[in-house]
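Student: fold the following.
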Amino acid sequence: QVQLVESGGGLVQAGGSLRLSCAASGRDFRDYGMAWFRQAPGKEHNFVAGISRSGVRTYYADSVKGRFTIYRDNGRGTISLQMNSLKPEDTAVYYCAAGFKQTPTATGSVDTWGQGTQVTVSS
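Tutor: The predicted model follows:
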């Protein structure tokens, strides 16, 4: 399996931007579809954005479409999530996730999770 390490979380005011990164190590990164999920306090993990193994296809939750963009660099084994126009309701722990031979869009299709990074958006 791959191992995933996130970075880039923090505190930002509403309307601001943050960029999260996730570095993968271990097995061939190109075998994995990648995604970001988030978990607000007391709630389940929710899908945020996903990207196919080649990087050609991207998927977004309705709540983040037009504000968030997911990127992938297969040469470096990384993905990132550019988050713009942040809202207080975006506050959550954000998790990088990998799915073997598929892009995970639900928790049941995730093979590996990162440790999570906190994003807090103040109003």
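
Student: where do the helices sit along the chain?
Tutor: Assigned helices in the chain: none (criterion: DSSP state H).

Student: and the residue nearest the centre of it?
Tutor: By C-alpha atoms, centre = their mean, the mean C-alpha position of the chain lies nearest to residue 36, the distance being 2.2 Å.

Student: what's near enough to touch that one?
Tutor: Taking C-beta atoms under 8 Å, 6 or more residues apart in numbering, we find residue 36 in contact with 20, 22, 48, 49, 50, 70, 79, 81, 94, 95, 96, 97. The way it works is simple: take the backbone N, C-alpha and C, and place the C-beta from them, glycine included.

Student: quick one: neighbours of the nearest residue to the fourth one once chain neighbours are set aside, just the number.
Tutor: Right, the one you point to is residue 49. Excluding its sequence neighbours, the residue lying closest to residue 49 (C-beta to C-beta, 6 or more residues apart in numbering) is residue 70, at 4.1 Å. Counted with other C-beta atoms under 10 Å, residues neighbouring residue 70 total 21.

Student: just checking, residue 70 touches residue 55?
Tutor: No - when contacts are counted by C-beta atoms under 8 Å, residue 70 is not listed as touching residue 55 (9.1 Å).

Student: make CSV from the contacts of residue 36 and add distance to residue 87 and pLDDT to it.
Tutor: CSV is the format used below for the contacts of residue 36 (distance: C-beta to C-beta, whole Å; pLDDT from 0 to 100):
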residue, distance to residue 87, pLDDT
20, 16, 98
22, 22, 98
48, 13, 98
49, 15, 98
50, 21, 98
70, 18, 98
79, 22, 98
81, 15, 98
94, 14, 98
95, 19, 98
96, 21, 98
97, 22, 98
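
Student: of the residues you listed, buried ones?
Tutor: For the contacts of residue 36, burial is judged from neighbour counts taken by 16 or more other C-beta atoms under 10 Å, and it is met by 20, 22, 48, 49, 50, 70, 79, 81, 94, 95, 96, 97.

Student: check the residue nearest to the centre of the chain and give its pLDDT.
Tutor: According to the predicted model, the pLDDT of residue 36 comes to 98.
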